[in-house]
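Undergrad: okay, predicted coordinates and the sequence, questions at the end:
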Amino acid sequence: MLDRKFIVDNAEAVKENCQRRGVKADVDRLVGLDAQRRDKQGEVDELNRRANEVSKSIGKAKDPAEREARKNEGRELRETTAAVQTALDAIVAELDVLQRGIPNMSHPQAPVGFGDEASVELKRGKTPLPKFDFRPLDHVELGERLGLMDFEGGAKVTGHGFYFLKNDAVLLELALQRYALDVLLAEGFTPTITPDLARNEILQGIGYIPRGPETQIYSVADSDLSLVATAEITLGGLLSDTILEAEQLPVKLCGISHCYRTEAGAHGRATRGLYRVHQFTKVEMFAFTAPEQSEAMLGYFCELEGRLFDGLEVPYRVIDTATGDLGGPAYRKFDLEAWMPGRGEQGEFGEVTSTSNCTDYQARRLDIRFRQKGEKGTSFVHTLNGTAIAISRGLIALLENHQQADGSVRIPRVLRPYVGKDVILPR
RNA sequence: GGAGAGGUGGCUGAGUGGUCUAAAGCGCGGGUUUGCUAAACCCGUGACCGGGAAACUGGUCCGCAGGUUCGAAUCCUGUCCUCUCCGCCA
């Protein structure tokens, strides 16, 4: 969330930003409530001051009648305070809801607008678009012929949007994890395998809303836990309520987790096969940085994502996401869209990774700060997240781009040591 | 799952109803001494919400949420977490 003082002091800029992001937020009401909050807080403070005074005088009073009288006075004061406090609590609660609903500010260079038309293509990957002298299949057909996935089995056991990976797809899944991990290890990331569940409080700190009709999140009944939609949640939560030393920054973590998404309201939209599923595995990057480091870190994450897909010999483009599609926490977001020859009529780009600079928006909620030697006080860190590889969509890109005329799929060189073969042959 | 112990400032840790305005140590900042560094000594040192030009000043905060009381770090209830032992288990 944004700092409340910042919102009050920059109400116009915040309103304008909400508009650019397509977020309805009552900034004026927030500013008004904040003034009310301050008044009520003053009342409570004054009542407390008097009650404290009375309490202290009782400790010193000797005369029993005097003590009784003062006790009554104190009791009445506390009762009055409780009433004012209740009113104050109501104001604070509403203020909090309003404040949480306000998205992060946007990078001045982020393209303004909504949807794909507004987004800007920044660059292309090293691999050119493939030219097939046959009709390329989509990953579902390829998977069927190669015995890689079982969607019917997934639907029977769990439901629509679930699947079994089988045979060489299992090797590919593990190979992709290990490939990404090895690249990140060489870059100094601390590797983790994170929990697949997290407390709702942590989810909210990262910017997810665990319950409600629109939620993307599966929650666990009779608990305050939810299945994570991304390891961003667990990695960010890992350092919640922590004060770091400036020289520790940046902290670079990567985490492997399963990701669970309800995809509520997404039915019928590119739902075929592995593209939009309820569960997949992902290797995620996460960084905690000093404020002046975060912009460079975003570029670095984006460069790493490109490097990973260049290695996989998958064509892609990098998108500077428009303000209307940034979501709540991101200040700026770059998406990497891989070419998927089996999508649409002639092939289409489909999102495979996404990296965001969330500045201090998540850190404020999660209370993650750092201290500079020789300086008083602490500041909030900046947090960044980026997909290294989301396995399900990575599989789509691999299978569809590397399919060959004989129905086989070539395995890119970087994965061969992990898969143990050069090609996946039809059964 | 059962029994017990515990959660206090950046860290360690004392504190069983009013003088806690939270001891002490470490760390950190400043100073004295000193060729330099180190050591020693002295002083200072939390966060948040307010008021004030400032000096300064009011309030809140001892895992979290309630409760008892004029008054709670301290007593009561719930909850989360950590540790020890027992049971169960991959």
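TA: On my side now, so go ahead.
Undergrad: for the closest residue to residue A:113 other than its chain neighbours, grab the count of nearby residues.
TA: The spatially closest residue to residue A:113, leaving aside those adjacent along the chain, is residue A:322, at 4.6 Å (CB to CB, 6 or more residues apart in numbering). C-beta: built from backbone N, CA, C; applies to glycine. Residues lying near residue A:322 (other CB atoms under 10 Å) number 23.
Undergrad: got it, and residue A:407?
TA: Applying other CB under 10 Å, we find 16 residues neighbouring residue A:407.
Undergrad: residue contacts, it?
TA: Taking CB atoms under 8 Å, 6 or more residues apart in numbering, we find residue A:407 in contact with A:145, A:146, A:426.
Undergrad: sorry, back to before: the residue nearest to residue A:113 and residue A:121, how far apart?
TA: 12 Å (CB to CB, to the nearest Å).
Undergrad: for the residue lying closest to residue A:71 once chain neighbours are set aside, the count of nearby residues, please.
TA: Among residues not flanking residue A:71 along the chain, residue A:58 sits closest, at 6.5 Å (CB to CB, 6+ apart). Neighbourhood size, residue A:58 [other CB under 10 Å]: 15.
Undergrad: residue A:58: what secondary structure?
TA: Residue A:58 carries the three-state label helix when classified by DSSP: H, G, I helix; E, B strand; the rest coil.
Undergrad: pretty sure it sits against residue A:74.
TA: Yes: between residue A:58 and residue A:74 a contact is recorded at 7.0 Å, counting by CB atoms under 8 Å.
Undergrad: what's the nearest residue to the closest residue to RNA strand B within the stretch 151-300 of chain A if we skip its chain neighbours?
TA: Per CB to the nearest atom of the strand, residue A:243 is where the stretch 151-300 of chain A lies closest to RNA strand B, at 5.0 Å. Of all residues not flanking residue A:243 in the chain, residue A:369 sits nearest, at 4.9 Å (CB to CB, 6+ apart).
Undergrad: could you dump the contacts of residue A:407 into CSV with neighbour count added?
TA: As requested, the contacts of residue A:407 are exported to CSV (neighbours: other CB atoms under 10 Å):
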residue, neighbour count
A:145, 16
A:146, 22
A:426, 11
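Undergrad: distance to RNA strand B, secondary structure and pLDDT for those residues - can I get that in JSON lines?
TA: Shown next, in JSON lines, are the contacts of residue A:407 (distance: CB to the nearest atom of the strand, whole Å; DSSP: H, G, I helix; E, B strand; the rest coil; pLDDT from 0 to 100):
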{"residue": "A:145", "distance to RNA strand B": "35", "secondary structure": "helix", "pLDDT": "95"}
{"residue": "A:146", "distance to RNA strand B": "31", "secondary structure": "helix", "pLDDT": "96"}
{"residue": "A:426", "distance to RNA strand B": "36", "secondary structure": "coil", "pLDDT": "91"}
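Undergrad: got a markdown table for those residues, with distance to residue A:248 too?
TA: Formatted as a markdown table, the contacts of residue A:407 follow (distance: CB to CB, whole Å):
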| residue | distance to residue A:248 |
| --- | --- |
| A:145 | 51 |
| A:146 | 46 |
| A:426 | 52 |
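Undergrad: ok, those vs residue A:13, which is closest?
TA: residue A:146 (53.7 Å; CB to CB).
Undergrad: excluding its backbone neighbours, what's nearest the closest one?
TA: Using CB to CB, 6+ apart, the nearest residue to residue A:146 is residue A:424, at 5.4 Å.
Undergrad: quickly list what the one you found is bridged to.
TA: Beta-bridge partners recorded for residue A:424 (DSSP bridges): residue A:409.
Undergrad: which residues touch it?
TA: A:146, A:148, A:168, A:408, A:409, A:411.
Undergrad: how near is it to residue A:408?
TA: Distance, residue A:424 to residue A:408, using CB to CB: 6 Å.
Undergrad: same question, residue A:159
TA: Counting by CB to CB, the gap from residue A:159 to residue A:408 is 32 Å.
Undergrad: which one's more surrounded, those two?
TA: Counted by other CB under 10 Å, residue A:159 and residue A:408 do not tie: residue A:408 has more neighbours, with 17 against 9.
Undergrad: verify the stated contact: that one with residue A:421.
TA: No: contact criterion CB under 8 Å: residue A:408 and residue A:421 do not qualify, at 10.7 Å.
Undergrad: surely the residue nearest to residue A:113 touches residue A:107?
TA: No: the criterion here is CB under 8 Å, and residue A:322 misses it with residue A:107 at 11.4 Å.
Undergrad: for stretch A:192-210, measure first residue to last.
TA: 24 Å (CA to CA, to the nearest Å).
Undergrad: what about the helices in chain A?
TA: A:4-9, A:11-21, A:27-60, A:64-100, A:115-118, A:139-146, A:151-157, A:168-186, A:200-206, A:231-238, A:294-311, A:361-366, A:391-401, A:416-419 (DSSP state H).
Undergrad: count of residues packed around residue A:296?
TA: Neighbours of residue A:296 using other CB under 10 Å come to 12.
Undergrad: show me what contacts the residue nearest to residue A:113?
TA: Contacts of residue A:322 (CB under 8 Å, 6+ apart): A:110, A:111, A:112, A:113, A:114, A:115, A:118, A:119, A:120.
Undergrad: and the gap between residue A:370 and residue A:4?
TA: For residue A:370, the distance to residue A:4 equals 21 Å [CB to CB].
Undergrad: quick one: which of these two has more around it?
TA: Each of residue A:370 and residue A:4 has its neighbours counted (other CB under 10 Å); residue A:370 has more, 23 against 19.
Undergrad: start to end distance for stretch A:351-367?
TA: 31 Å.
Undergrad: my error: substitute stretch A:149-167 in the last question.
TA: One end of stretch A:149-167 to the other measures 8 Å (CA to CA).
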